[in-house]
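K.L.:
how would this look folded up:
(one chain, ligands or ions: 1)
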Amino acid sequence: MSAGPAVERVDGHVALPTGRKVSIVGAGSVGVAIGVSLLAKNIADPLVLIDVDGNKALGEVQDMQHSSAFLQTQQIIGGNDYSLTEGSQICIVTAGARQKPGQSRTDMLEANIKIMKHIITELVKYSPDAIIIIVSNPVDVLTYAAWKISGLPLNQIFGSGTHLDSSRFQYFIGKLSGFPVHLIKAQILGEHGASCAPIWSGVSVAGHPIEKFGNLFTEENKKFVFEQVLQSVPELLRLKGYTSTAVGFAVADQVESILFNKSKAIPVSTLVKGFYGIEEDVFLSLPCLLGNSGISTVLPPDLNEHEKHLFKASADNMFKYQQEIDD
Ligand code: NAD
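P.N.:
Here you go, the predicted model:
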């Protein structure tokens, strides 16, 4: 296995964007949550909402427009016409078919790839320089598919990845330690899904490694925290039927880092070939610097042997899954 962490991929660059036009495809619970987060942060203008159901998009747009008195965004538009997205700096894809009763995971994936083909073709046609963020699930495989469909360079297309899982991880570590969540640095890498890898070796609380906290971070407590992260989605599905608010803020954080060239290191789904001995074209989350050109640099952290094993297992899992669509 190669010594992954020494490798760093620096991607290409696209022209610096001059505007802040952000388009969201999919006016469902996730698309709306991202839109509302962008409006609350006042970072996108115009904001465009596209859905195959044009009335749904229009309804959500009008509801947002009626908030204008409390916002600074001047233009909120939408419908089912992709020409509205023309000249976007960022396009976000949240559209997806929900799994139908009796439908297999592969059938659902095939349906979503068909949807993705249409959406990506339209987005690239109207905004060839836009950074594209894929949010629809399964996000890693769909980002790989979208990358292939688009023909875009790697800096220009990525998946929202484990930024959301990492924020959940930080929240539950905050609960365990009693420290405010903003003082917790912690990342989950790999798949956005069951095989994700909690990177305990990099966790710090108020700037201190977890070893400094006596016997708080026992194996049992660490297992408990990670279990809470994994259970977040089934628990939210049980309670409210979907997840939306946290992913809305996570994606808005990525958008902000791009539009304002903040170069924040954020775990997003990108090609991980060449890292930690991975030899296949697989998309998984690693920390990436996000700025005006999208991903400028991939920053694989030093992982311990156990974490490397988890990450590699995540890649193997993803590769098998991907082969279902490559065939
Ligand atoms: P939803 O059913 O509420 O909304 C999906 C929307 O997509 C619907 O409004 C539908 O009309 C639209 N749509 C379907 N096909 C389309 C097409 N061809 N073109 C344009 N729009 C189309 O679903 P949701 O709860 O908003 O979830 C959306 C996706 O986001 C799902 O795949 C979900 O699993 C995923 N998700 C991802 C994360 C993450 O962290 N990556 C988190 C939560 C949800």
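
K.L.:
CA only for contacts and neighbour counts going forward, please
P.N.:
Fine.

K.L.:
Quick check: residues of the stretch 51-200 of the chain near the ligand?
P.N.:
51-53, 94-98, 115, 135-137, 139, 160-161, 164 (CA under 6 Å from any ligand atom).

K.L.:
So which of these wins on neighbours?
P.N.:
Most neighbours among these, by other CA atoms under 10 Å: residue 161, with 35 neighbours.

K.L.:
Residue 254 is in contact with that one, correct?
P.N.:
No: using CA atoms under 8 Å, residue 161 is not in contact with residue 254, being 10.7 Å away.

K.L.:
still on that earlier bit, quick one: which two of the residues of the stretch 51-200 of the chain next to the ligand are the most distant?
P.N.:
53 and 164 (27.0 Å; CA to CA).

K.L.:
Go through stretch 29-46 and flag the buried ones.
P.N.:
Judged by neighbour count using 16 or more other CA atoms under 10 Å, the buried positions of stretch 29-46 are 30-41, 43-46.

K.L.:
What is the nearest of the residues you listed to the ligand?
P.N.:
Nearest to the ligand out of those is residue 30 (CA to the nearest ligand atom; 3.7 Å).

K.L.:
thinking that closest one is in contact with residue 243, fair?
P.N.:
Yes: look at residue 30 against residue 243 with CA under 8 Å: they come within range, at 7.3 Å.

K.L.:
Need phi/psi at the most centrally placed residue in the chain.
P.N.:
By CA atoms, centre = their mean, the chain has its centre lying nearest to residue 160, at 0.8 Å. Backbone geometry at residue 160, expressed as degrees, to the nearest 10, gives phi -60, psi -20.

K.L.:
And for the one 5 residues further on?
P.N.:
Dihedral pair for residue 165: phi -60, psi -40, per degrees, to the nearest 10.

K.L.:
That one contacts residue 229, correct?
P.N.:
Yes: here residue 165 reaches residue 229: they are 7.0 Å apart, a contact under CA under 8 Å.

K.L.:
what about the two, which has more around it?
P.N.:
Neighbour count, other CA under 10 Å: between residue 165 and residue 229, residue 165 has more, with 27 against 21.

K.L.:
Run through the residues that contact the more buried one.
P.N.:
187, 188, 192, 229 (CA atoms under 8 Å, 6 or more residues apart in numbering).

K.L.:
Could you export those residues as CSV, including distance to residue 271 and secondary structure?
P.N.:
What follows is those, written out as CSV (distance: CA to CA, whole Å; DSSP: H, G, I helix; E, B strand; the rest coil):
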residue, distance to residue 271, secondary structure
187, 18, coil
188, 16, strand
192, 14, coil
229, 24, helix
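
K.L.:
Which residue in the residues you listed has the weakest pLDDT?
P.N.:
pLDDT is lowest at residue 192 among the contacts of residue 165; the value there is 93.

K.L.:
where does residue 215 fall, helix, sheet strand or coil?
P.N.:
Classification of residue 215 using DSSP: H, G, I helix; E, B strand; the rest coil returns coil.

K.L.:
so where is the stretch 201-327 of the chain shaky, pLDDT-wise?
P.N.:
Along the stretch 201-327 of the chain, the model assigns pLDDT under 70 to residues 326-327.

K.L.:
Quick check: residues of it near the ligand?
P.N.:
Those residues of the stretch 201-327 of the chain that sit near the ligand, judged by CA under 6 Å from any ligand atom, are 242, 243, 244, 247.

K.L.:
In strands, which of those fall?
P.N.:
For those, not one is inside strands, with DSSP state E as the criterion.

K.L.:
Narrow these to those that are buried.
P.N.:
243, 244, 247.

K.L.:
can you tell me which residues contact the first one?
P.N.:
Contacts for residue 243 (CA under 8 Å, 6+ apart) come out as 29, 30, 233, 236, 237.

K.L.:
Adding distance to residue 206 and secondary structure, write these out as a markdown table.
P.N.:
Shown next, in a markdown table, are the contacts of residue 243 (distance: CA to CA, whole Å; three-state DSSP):
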| residue | distance to residue 206 | secondary structure |
| --- | --- | --- |
| 29 | 34 | helix |
| 30 | 32 | helix |
| 233 | 27 | helix |
| 236 | 29 | helix |
| 237 | 32 | helix |
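
K.L.:
Quick check: the farthest pair among those residues?
P.N.:
Longest distance between any two of the contacts of residue 243 is 14.5 Å, between 29 and 233; criterion CA to CA.

K.L.:
And residue 67, its phi and psi?
P.N.:
phi -90, psi 0.

K.L.:
thinking again about what came up before, ok, the contacts of residue 165 vs the ligand, which is closest?
P.N.:
When those are compared against the ligand (criterion: CA to the nearest ligand atom), the nearest one is residue 192, at 7.0 Å.

K.L.:
My guess is that closest one contacts residue 161. True?
P.N.:
Yes: contact criterion CA under 8 Å: residue 192 and residue 161 qualify, at 5.5 Å.
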